[in-house]
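1. coords please:
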Amino acid sequence: MGQQYTEAFSTTSGQCFRFVPIEAGHAEHCQAPVQWIGQFRDSSGFRYRVESCADHVDALTDLKPIHRSA
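-> You can find the predicted model right below:
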């Protein structure tokens, strides 16, 4: 659902961890539905448990699918 915005990310549950550009100098949470939970390692080497859409999952390890009830 869009190219990542620099190294910005979020650990908010229910949202993709990546931010995507919306216009020059501005970004927002990726709005694609989350499908995966996994670990993300930032540029400092710290690990975070995050949720991801299908487009941004390649940055994660220890992946598990998210099963949501309808």
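2. Where does pLDDT dip in this structure?
-> Within the chain, the segments meeting pLDDT under 70 span 1-6, 68-70.
3. now do 90
-> Scanning the chain for pLDDT under 90 picks out the ranges 1-8, 19-29, 43, 59, 67-70.
4. what sits against the residue most central in space within it?
-> The chain has F17 as the residue nearest its centroid, 2.5 Å off, counting by C-alpha atoms, centre = their mean. By C-beta atoms under 8 Å, 6 or more residues apart in numbering, F17 lies in contact with F9, S10, T11, C30, F40, Y48, V50, E51, S52, H56. (C-beta placed from N, C-alpha, C; glycine too.)
5. now it, nearest residue through space, not along the chain?
-> Leaving aside its sequence neighbours, F17 sits nearest to V50 (C-beta to C-beta, 6 or more residues apart in numbering; 3.6 Å).
6. Kindly state the beta-bridge partners for that neighbour.
-> In this entry, V50 is beta-bridged to G38, by DSSP bridges.
7. hang on, isn't it packed against F9?
-> Yes. Contact criterion C-beta atoms under 8 Å: V50 and F9 qualify, at 6.7 Å.
8. OK, contacts around Q35?
-> Each residue near Q35 by C-beta under 8 Å, 6+ apart is listed here: S52, C53, A54, V57, P65, I66.
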